[in-house]
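Asks: Give me a 3D structure for the following:
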Amino acid sequence: MNNVVSFLDRVFGLSENGTDVRTELLAGLTSFLVASYVLAANPAILESCGMPAGGIVVGTALMAAVGTFAAGFFARAPFILAPGMGMNAFFAYVIVTGMGFSYQAGLFAVMLEGVLFSVIAFGGMRNAVLDKTPDALKKGFSIGIGLFMAFIALDMAGVVVVTKETRLAFHAFSAGTCHTTDVCAWLAMLGFALMTVLVHRRVRGAIPIAVATTWAAGLALELAGFYHVDAAAGCRTLVPHWSCDALARSVGEFRDVALSCFDVSAWSRSGTAASGWNTILDINLLVLVLIMTLDDVIDSFGSLVGMLDLHKAGNGMSDSARMTAMFRANAATTLVAPMFGVQSTTPFVESVAGMEAGGRTGLAAVASGMLFLLAIPLAPLFLAIPAFAVAPAVMLIGFYMLESVGKVDITDIPEAVPVFVTATGMAFTCSMLDGMCLGIISWTAINLLCGRCRKVSGLMYVLTALSLAKYAAGYLGVH
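Replies: Numbering: from 1, shown residues only. A predicted model of the protein is given here:
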């Protein structure tokens, strides 16, 4: 036992950082518990675009383990690196549902993004890309994604519904739905209220506690006969069911979705004749790949800066070296993630909970990664967690992304208006891609017309040209 402790001390620099094995393992457990909601949220969102939920649970757990191991061993930091919230909504509601690409083609697009991300990360171009991207777009992307996430959460819970008269409307509570969709909407709203209170009181694990409590409340109502299962209304049973057959089904679904990004025969886009390699050459998909890359670079860098600021550890690595290592780990795992049937990875800010519990080294990350692996046999239980219980977590993430609103200087019109265009474009077109493209075009056009030509970088000219080409393709009949 002493030999094991001594080995871990040498590898992760425990003594150097004033920590020990017990503290690091506890920190890893804390980070896992706080971030574990992704195992329920990711399949709930990706299932909406036709992907098998059981396979997504397994793929998410495996990819979270791989990413977190990379953070622990290569960056030696107590960070979780897992399939990101936000990008799952982008994938499901924009790439597949909105633009009509098959999920196999969408996964290949994510892989292409991973290639570009890796070129930037390993080619030392990170700072160049970040410096050439206007702050206005960084803020606009964050705010717009936050609003889009809020809409997705409200839709998942049935709190808002689509109508012909008003486009969107608040859920209509009635006697006919009081035992089905009414219950879902009420529990989602109460769950969000609970989550808000727990976060305000700085309760560790506020998100998973609120998700579990909301689920438990629904389960109690079902067992009491107040909540009725109604498949037509989208109200499924909340009773968890675990069996070897159920686990085997989830593993089998994972085998179906894993490596499906390489299934060229499944690449297609609905509403067009595009199939196979012609699908990947679609101008919309190419623009999508470039903008996803830019967004992931910005998001990864922003998350890591905040997390590293709180992480005061040595391990013989400077903050700059650790940033580079984490950034490269993020890029590499984004490239690999589609092979597991999931979206790109991102550093989870929930890792801060582990640091507050004493985590200082990569051993905490390795512990979190092991727990993600151990969660795989529990896949059938995660599938029982309903969308209305996960919706509050998605809503809260959207709220956090609105932080950039306070950083917008409303008096600087050439900078503030593109933020507004980007955010409202995402929210009101229900398309993050269109919002980003409109933001890019508006920023470049406004700054050129206002005589700020020197502020427009070559990168922005390229992105603007591609964004315009995306819309011009519709006039030319190019799909």
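
Asks: Low-confidence ranges, this protein, go.
Replies: 1, 165-166, 309-319, 474-479 (pLDDT under 70).

Asks: For the spatially most central residue of it, give me its contacts.
Replies: Nearest residue to the geometric centre of the chain (C-alpha atoms, centre = their mean): Met85, 1.9 Å. Met85 makes contacts with Val38, Ala41, Asn42, Met149, Thr346, Ala393, Val394, Ile397, as judged by C-beta atoms under 8 Å, 6 or more residues apart in numbering. All C-beta atoms are positioned from the backbone trio N, CA, C, and that covers glycine.

Asks: For those, please prepare TSV with the additional fields distance to Tyr227 and neighbour count.
Replies: Converted to TSV, the contacts of Met85 look like this (distance: C-beta to C-beta, whole Å; neighbours: other C-beta atoms under 10 Å):
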residue	distance to Tyr227	neighbour count
Val38	25	28
Ala41	21	28
Asn42	24	30
Met149	26	27
Thr346	34	23
Ala393	20	25
Val394	21	28
Ile397	26	23
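
Asks: Could you dump those into CSV with distance to Arg126 and secondary structure added?
Replies: Below are the contacts of Met85 laid out as CSV (distance: C-beta to C-beta, whole Å; DSSP: H, G, I helix; E, B strand; the rest coil):
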residue, distance to Arg126, secondary structure
Val38, 25, helix
Ala41, 29, helix
Asn42, 27, helix
Met149, 26, helix
Thr346, 15, strand
Ala393, 30, helix
Val394, 29, helix
Ile397, 24, helix
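
Asks: Output stretch 119-132 as PDB - backbone C-alpha positions only.
Replies: Taking Å, rounded to 0.1, in the frame of the first residue of the first chain, the C-alpha atoms of stretch 119-132 are listed here in PDB:
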ATOM      1  CA  VAL A 119      -4.200  22.100 -36.000                       C
ATOM      2  CA  ILE A 120      -4.700  25.300 -34.000                       C
ATOM      3  CA  ALA A 121      -3.800  23.700 -30.700                       C
ATOM      4  CA  PHE A 122      -0.700  21.700 -31.800                       C
ATOM      5  CA  GLY A 123       0.400  24.300 -34.400                       C
ATOM      6  CA  GLY A 124       0.700  27.000 -31.800                       C
ATOM      7  CA  MET A 125      -2.000  29.200 -33.400                       C
ATOM      8  CA  ARG A 126      -4.300  29.500 -30.400                       C
ATOM      9  CA  ASN A 127      -3.400  33.100 -29.500                       C
ATOM     10  CA  ALA A 128      -3.400  34.200 -33.100                       C
ATOM     11  CA  VAL A 129      -7.000  32.900 -33.600                       C
ATOM     12  CA  LEU A 130      -8.200  34.400 -30.300                       C
ATOM     13  CA  ASP A 131      -6.500  37.800 -30.900                       C
ATOM     14  CA  LYS A 132      -8.100  38.000 -34.400                       C
END
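
Asks: Show me what that stretch is in contact with.
Replies: Residues from elsewhere that reach stretch 119-132 (C-beta under 8 Å, 6+ apart): 293-294, 297-298, 301, 324, 327-328, 330-332, 457-460.

Asks: need the helices for the stretch 101-250 of the chain, in chain order.
Replies: 103-122, 126-132, 135-157, 181-200, 206-223, 244-257 (DSSP state H, counting those that start in this stretch).

Asks: The last one versus helix 103-122: what angle between them?
Replies: For the pair helix 244-257 and helix 103-122, the angle between their directions (axes from the mean of the first three to the mean of the last three C-alpha atoms, to 10 degrees) equals 70 degrees.

Asks: For helix 244-257, list the C-alpha coordinates in CSV.
Replies: Taking C-alpha atoms only, helix 244-257 is exported to CSV below (Å, rounded to 0.1, in the frame of the first residue of the first chain):
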residue,chain,number,x,y,z
CYS,A,244,-28.7,-7.4,-17.7
ASP,A,245,-30.9,-7.2,-20.9
ALA,A,246,-31.4,-3.5,-20.5
LEU,A,247,-27.6,-3.0,-20.1
ALA,A,248,-26.9,-5.2,-23.0
ARG,A,249,-29.3,-3.1,-25.1
SER,A,250,-27.5,0.1,-24.2
VAL,A,251,-24.1,-1.5,-25.0
GLY,A,252,-25.5,-2.8,-28.3
GLU,A,253,-26.8,0.7,-29.2
PHE,A,254,-23.4,2.1,-28.4
ARG,A,255,-21.9,-0.3,-30.9
ASP,A,256,-24.3,0.9,-33.5
VAL,A,257,-23.5,4.6,-33.0
